[in-house]
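A.B. asks: model the structure of this input:
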Amino acid sequence: MTNRSTLIFDTLAVDRSLELPLHRQLYELLRSYILGGRLAAGSSLPATRSLATHLGVGRNTVVAAYEQLLAEGYLEAGPGSGTWVAPMLQRAAEQRGRAAAPAAPRISRRGTVLASRPQPARQPSTINLHPGFPDTASFPFAGWARLLARNAQRRTADLFDYYRFAGHPALREAIADYLRVARGVDCSPEQIVVVTGAQAGLDLVARIVTDEGDVAWMEEPGYLGARSALLGSGARLAPLRCHRQGWGLADAGLPPPRLIYVTPSCQWPLGTIMRMEERLQLLEIAERHDAWIIEDDYDGEYRFRGRPAPAMQGLDHAGRVIYIGTFGKTLFQSLRLGFLVVPTALADTFNRAVSVTGQFAPLLLQVTLADFIRQGHFASHLKRMRRLYARRQERFVELCRQQLGPWMTVDANDSGIQLLGRFTRPLDDQQVAAAALAQGVDVQPVSINYHHDVPEHGLLLGYAGLDERQTVAAIAALQAAFRSLDAA
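C.D. replies: Numbers count the residues shown, from 1 in each chain. From the prediction side, this is the model:
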């Protein structure tokens, strides 16, 4: 050995007070010396008996460490030649040491698009006015926990197999039964695909039904997550313009679509409900162009005057609509359970695709949710939440009119758990959001939902998750934010 190697091994030591086994300690030390270049290429290692004597350990401890390093290619050995550091690893270590800075890894065009998509920032420890957040304080967690604990104690094969990629049969059946009654969806359990949230469903649909360069009509303004999923699939987006009066389906400038994304039960972010004639026209357009429709029914259950508007899927007789739903708005967001209703002709395709993408949800959660639905807890919870959200919306609008009138108008809406705040004078909603955050309230600017046209500026305000105290504090904070901008 060289003098340098001798010095390294003279200072080598293991610590018997540690929980890490001695052979593992020795392995980690030698591996770090090799990768760090302290042991040069070709450096000989002491004989196992000699090193064991030096360290005061059994020879088998050293043998175990050497054998692991040999198996992983860090060392080489020969009969009668001893053991030495493998030269290839040392050259790699030297090259890393000479590099001034690591080069940025090359990723695919699609990966670049996905990584570049904006994400609405959410700030912890603030009053959350972001849209789409349900109330969690009223959720029956005690009952949910009992169902979860009971299912966790089961030892049946349906919770431990790996074959039901599209979802547990009990949950698929429960979802199909619920949708037929509550949302007017025409489906069988075989058409249900359980996924890990609506965004996972959007990503899966976009990848399955679009090729690079296919035209997708995207609502303008429209949901940022859907836009990101479509762009990530390689689609070419064309703006389907929306306003308070409806959808611009007669726009002659729109190219023939392969895919059409809509939120007909409560347009995001405007809150408009698609009229029957528009729904029928959209279905006719899809059939004429051999196109698919994504119906994102993100919070269609929430309608506060009259019955919820039935889903457009129930009108589809040509098998063109792919329906997306989520339990994140009706139960709680971190549950991460959503579902698709796909045309019968695509059921097997989606089942196979889920097995490849790994977007299937944990079976334990699935069977618990199935019990929650079948035992009536889900329907009861929704009924309570509709009443609660109707009261909260009324109070929220009242306080906005009382305290924010000089800067913003907020009108009640028949559906949805968020409201659109429109500025009464020119203001930059990004600046307003920053000023609100400084006052301790987190809001979402409306302008981020515009991608082609000059954006309208305002705030998209989620009121559903706030109790009376939080609502009063949130409106007061918004008022202070507007006043701080006036003063500036």
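A.B. asks: okay, now stretch 408-418: how far is its last residue from its first?
C.D. replies: One end of stretch 408-418 sits 15 Å from the other (C-alpha to C-alpha, to the nearest Å).
A.B. asks: just the pLDDT for the closest residue to Val341 other than its chain neighbours.
C.D. replies: Nearest residue to Val341 in three dimensions, chain neighbours excluded: Tyr323, at 3.9 Å (C-beta to C-beta, 6 or more residues apart in numbering). (Each C-beta comes from the backbone N, C-alpha and C, glycine too.) For Tyr323, the model assigns a pLDDT of 98.
A.B. asks: one more: Glu301?
C.D. replies: 86.
A.B. asks: what are the structural domain limits within this protein?
C.D. replies: As assigned by automatic domain parsing, the chain contains the domains 3-98, 139-375, 380-487.
A.B. asks: how near is the residue nearest to Val341 to Gly82?
C.D. replies: From Tyr323 across to Gly82, the span is 69 Å (C-beta to C-beta, to the nearest Å).
A.B. asks: hmm, back to that, who touches whichever strand or helix holds the residue nearest to Val341?
C.D. replies: Assigned by DSSP states H and E, Tyr323 falls within strand 321-326. Contact with strand 321-326 is made by 175, 179, 183, 185, 187, 197-198, 201-202, 205, 209, 283, 286, 292-298, 300, 311-313, 337-343, 346, as judged by C-beta atoms under 8 Å, 6 or more residues apart in numbering.
A.B. asks: now, which of these lie within helices?
C.D. replies: If you go by DSSP state H, those have 175, 179, 198, 201-202, 205, 209, 283, 286 in helices.
A.B. asks: looking at these, which is nearest Asp251?
C.D. replies: For these, the minimum distance to Asp251 (C-beta to C-beta) is 15.3 Å, reached by Ala286.
A.B. asks: report how many residues lie close to that closest one.
C.D. replies: By other C-beta atoms under 10 Å, the residues close to Ala286 number 21.
A.B. asks: excluding sequence neighbours, find me the nearest residue to it.
C.D. replies: Nearest residue to Ala286, sequence neighbours excluded (C-beta to C-beta, 6+ apart): Arg320, at 4.3 Å.
A.B. asks: what pLDDT does the model give that neighbour?
C.D. replies: Taking Arg320 on its own, its pLDDT is 97.
A.B. asks: check contacts around it.
C.D. replies: By C-beta under 8 Å, 6+ apart, Arg320 lies in contact with 283, 286-287, 291-293, 343.
A.B. asks: ok but Thr83 is inside a strand, no?
C.D. replies: Yes: according to DSSP: H, G, I helix; E, B strand; the rest coil, Thr83 belongs to a strand.
A.B. asks: from what I can see it touches Ala65, true?
C.D. replies: No: the pair Thr83 / Ala65 is not scored as a contact, 10.8 Å apart, by C-beta atoms under 8 Å.
A.B. asks: doesn't Arg106 lie inside a helix?
C.D. replies: No: residue state for Arg106 (three-state DSSP) corresponds to coil; a helix is not indicated.
A.B. asks: quick one on the thing from earlier: distance check, the residue nearest to Ala286 against Ser484.
C.D. replies: Arg320 is 50 Å from Ser484, by C-beta to C-beta.
A.B. asks: then Val454?
C.D. replies: Counting by C-beta to C-beta - Val454 and Ser484 are separated by 26 Å.
A.B. asks: higher neighbour count, these two?
C.D. replies: Using other C-beta under 10 Å as the criterion, Val454 and Ser484 rank with Ser484 on top: 14 against 7.
A.B. asks: looks like that one contacts Ala436 (just checking).
C.D. replies: No: Ser484 lies out of contact with Ala436 (C-beta under 8 Å); the separation is 9.4 Å.
A.B. asks: can you show me the helices along the stretch 51-200 of the chain?
C.D. replies: 59-71, 87-98, 109-116, 141-152, 169-182, 198-209 (DSSP state H, counting those that start in this stretch).
A.B. asks: now for the third one, which elements pack on it?
C.D. replies: When contacts are defined as 3 or more C-beta pairs under 8 Å, 6 or more residues apart in numbering; DSSP states H and E, helix 109-116 sits against helix 224-232.
A.B. asks: ok, of the domains of the chain, where does mean pLDDT dip lowest?
C.D. replies: Note on the domains of the chain: domain 3-98 shows the lowest mean pLDDT, a mean of 84.
A.B. asks: please compute how far that domain lies from its chain's middle.
C.D. replies: Relative to its parent chain, domain 3-98 has a centroid offset of 44 Å by C-alpha atoms, centre = their mean, to the nearest Å.
A.B. asks: closest one of the ones in helices among the contacts of strand 321-326 to Ser116?
C.D. replies: Using C-beta to C-beta, the ones in helices among the contacts of strand 321-326 come closest to Ser116 at Leu202, 17.4 Å.
A.B. asks: how about that closest one, what does it touch?
C.D. replies: 225-226, 229-230, 294, 296, 324.
A.B. asks: separation between it and Val195?
C.D. replies: To Val195, Leu202 is 9 Å away according to C-beta to C-beta.
A.B. asks: what's in contact with stretch 434-446?
C.D. replies: Here stretch 434-446 makes contact (C-beta under 8 Å, 6+ apart) with 120, 122-123, 126-131, 221, 269, 420-421, 429-430, 432-433, 455-462, 473-474, 477-478, 480-482, 484-485.
A.B. asks: quick one: buried ones out of the residues you listed?
C.D. replies: 126-131, 221, 269, 420-421, 429, 432-433, 455-462, 473-474, 477-478, 480-482, 485 (16 or more other C-beta atoms under 10 Å).
A.B. asks: select from the residues you listed every entry located in strands.
C.D. replies: 127-128, 420-421, 458-462 (DSSP state E).
A.B. asks: just to revisit the earlier point, of Tyr323 and Gly82, which one has the most company?
C.D. replies: Tyr323 (29 against 13).
A.B. asks: coming back round to it: which among the ones in helices among the contacts of strand 321-326 gets closest to Arg469?
C.D. replies: For the ones in helices among the contacts of strand 321-326, the minimum distance to Arg469 (C-beta to C-beta) is 30.3 Å, reached by Ala198.
A.B. asks: find the nearest non-adjacent residue to that closest one, please.
C.D. replies: Thr326 (3.9 Å).
A.B. asks: distance check, Gly201 against Ala347.
C.D. replies: Gly201 is 14 Å from Ala347, by C-beta to C-beta.
A.B. asks: look at these two and report which has more neighbours.
C.D. replies: The neighbour comparison of Gly201 against Ala347 (other C-beta under 10 Å) goes to Gly201, with 27 against 18.
A.B. asks: no more questions from me, cheers.
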